[in-house]
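**Student:** sequence first, predicted coordinates after that:
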Amino acid sequence: MTKISRGKLYFAVSATVLLICLFIVLTYKIYYPVLHSEKVLSEYGWDIASSDKFSKTTPILSKDFLNQELTKLQIAASVQIGLDPRNYEGEAFRKYSFDLLQEGLSKKLRADIWMQDNKSICAYIYHTEDNIAIKYWSPDTSYEEILEDLAEGM
């Protein structure tokens, strides 16, 4: 039998430990925001059907972006649970999207969570129904209230 030198053994063990640590760090960096977002939604009673595991990089939170009508509606829904992305003006963020198990009138409801440095800065629920004006709700809005709002919007 050949003997493995002590130096080669230390190198092999060190390289293995380094690779395991690198794998853990990369996994954490990729999946932590998704897991955190799922936790935020489940705390408010929402069940996730599927998620967009990889975020969409969104532009910097500029005054122009924050003053768009749809963005104002999204922020208004999010402020109800204490999340206000206007506090992060000038910074980039990532948007994570989720299909919820709960359905609107005919299609699943959706949720978006914006994250900056692994911290939620905006969260809202919305519908994708045809022929109904877009509307956003805070995650703490009950499912029944959302269904009522959708029925009134028809």
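**Tutor:** Sure thing, it's come through.
**Student:** which residues touch residue 47?
**Tutor:** Taking CB atoms under 8 Å, 6 or more residues apart in numbering, we find residue 47 in contact with 100-102. Where C-beta positions appear, they are placed from N, C-alpha and C, glycine not excepted.
**Student:** please repeat the previous calculation with a cut-off of 6 Å.
**Tutor:** residue 101 (CB atoms under 6 Å, 6 or more residues apart in numbering).
**Student:** if I look at it, how far off is residue 98?
**Tutor:** Computed as CB to CB, to the nearest Å, the residue 47 to residue 98 distance reads 10 Å.
**Student:** kindly report the same for residue 69.
**Tutor:** 23 Å.
**Student:** again, but for residue 33
**Tutor:** Going from residue 33 to residue 98 by CB to CB gives 12 Å.
**Student:** any residues in contact with both of the two?
**Tutor:** In contact with both residue 33 and residue 98: no residue, using CB under 6 Å, 6+ apart.
**Student:** model confidence over the longest strand along the chain, on average?
**Tutor:** Taking DSSP state E as the criterion, the chain has its longest strand at strand 93-103. In this model, strand 93-103 has an average pLDDT of 89.
**Student:** ok, now stretch 6-17?
**Tutor:** 83.
**Student:** stretch 42-53 too?
**Tutor:** 84.
**Student:** buried residues in it?
**Tutor:** 46, 48, 51 (16 or more other CB atoms under 10 Å).
**Student:** tell me the contacts of the first one?
**Tutor:** Going by CB under 6 Å, 6+ apart, residue 46 touches residue 100.
**Student:** which SS state does it fall under?
**Tutor:** coil (DSSP: H, G, I helix; E, B strand; the rest coil).
**Student:** and it, what are its phi and psi?
**Tutor:** phi -90, psi 140 (degrees, to the nearest 10).
**Student:** ok, it to residue 39 distance?
**Tutor:** Residue 46 is 11 Å from residue 39, by CB to CB.
**Student:** what's the answer for the second one, then?
**Tutor:** Computed as CB to CB, the residue 48 to residue 39 distance reads 10 Å.
**Student:** elements contacting the longest strand of the chain?
**Tutor:** strand 48-51, strand 56-58, strand 108-116 (3 or more CB pairs under 6 Å, 6 or more residues apart in numbering; DSSP states H and E).
**Student:** what distance separates the first one from the centre of its chain?
**Tutor:** Okay, so that is strand 48-51. 11 Å (CA atoms, centre = their mean, to the nearest Å).
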